[in-house]
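Student: take this sequence and fold it.
(one chain, ligands or ions: 1)
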Amino acid sequence: MFRSGAFVAEHISPIDDQQVQPNGVDLTVDAVFEQVEPGRIGRDDKQIGERRELDPDADAGVPTYRLSPSGYVARYGETISIPEGHVGYVLPRSSLMRNSAMLHTAVWDAGYTGRGEGLLEINHEIELEQGARIAQLVLARADHEDTYDGSYQGENLD
Ligand SMILES: O=c1ccn([C@H]2C[C@H](O)[C@@H](COP(=O)(O)OP(=O)(O)OP(=O)(O)O)O2)c(=O)[nH]1
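Tutor: Model (predicted):
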C-alpha cells in the first residue's frame, strides 16, 4: 500500500506545504551535472564518471538552467530518509514530461538517507529554475531483511 503525502513529508527535509501532494512529496532540483568522462560498471565494483556541474544563469533573477537536448544528472534539494518497512519510488512531475523531458530513476531502499540524484532526459530545450519542483517521491510499505548500507549512504549531506 502506498502511503499518504503527509506520511512521506515526515521523511523529507527541508520541505514546504506546496511540496506535499495527496500521494507523495515533490522534490526540487538543486544542481545539474553533465558527465564528461566514462563510468564503469564491473561485476563487483562500479565507478561514476567525472562530471561537470552546470552554472545556472543568474541574470534572470532566479538562477535558471537552460538545458539543450541531452542527458543530465540532477541532484535533489531535499534530504530523503526511506523508513524501515518501506520502499521509495521517484516519478517525474507531469509538467516535466509534458515538456518532452523525462526523469529516470531507480529503487530507493529502506534505510537510505541522503540527497539523491536522477537522470534528466531532455528532448527539447527547457528552462528549469534552481529550486523548481521536478519530481515526486512516493513510499510504499515493503518487506525487507537488511537495510541500505551501500556506497551512497549519507551522500550529499551538508
Ligand atoms: O533514482 C534513484 C534511486 C535511488 N537513489 C538512491 C537511493 C538508493 O537507496 C541508493 C542506492 O541505489 P542502488 O542500490 O540502486 O545503488 P547501487 O548502484 O546498487 O550501488 P550500491 O551497491 O552502492 O548501493 O541511491 C537515488 O539517488 N536515485
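
Student: quick check: His104 touching Gly118?
Tutor: Yes. With contact defined as CB atoms under 8 Å, His104 counts as touching Gly118 (6.6 Å). C-beta coordinates here come from the backbone N, C-alpha and C atoms, glycine included.

Student: compare those two (neighbour count), which wins?
Tutor: When His104 and Gly118 are compared for neighbours, Gly118 comes out ahead with 22 against 11, by other CB atoms under 10 Å.

Student: any buried residues in the helix or strand encompassing that one, and which?
Tutor: Element membership of Gly118, judged by DSSP states H and E, is strand 117-122. By neighbour count on 16 or more other CB atoms under 10 Å, the buried set for strand 117-122 is Glu117, Gly118, Leu120, Glu121, Ile122.

Student: again, but for stretch 81-99
Tutor: Counting neighbours by 16+ other CB under 10 Å, one finds that the buried residues in stretch 81-99 are Ser81, Ile82, Pro83, His86, Val87, Gly88, Val90, Leu91, Pro92, Arg93, Leu96, Asn99.

Student: what subset of the buried residues of strand 117-122 is also close to the ligand?
Tutor: Glu117, Gly118 (CB under 6 Å from any ligand atom).

Student: list, one by one, the residues from the chain near the ligand.
Tutor: Residues of the chain lying near the ligand (CB under 6 Å from any ligand atom): 90, 105-109, 112, 116-118, 148, 150-152.

Student: using TSV, lay out the buried residues of strand 117-122 together with pLDDT.
Tutor: Shown next, in TSV, are those (pLDDT from 0 to 100):
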residue	pLDDT
Glu117	98
Gly118	98
Leu120	98
Glu121	98
Ile122	98
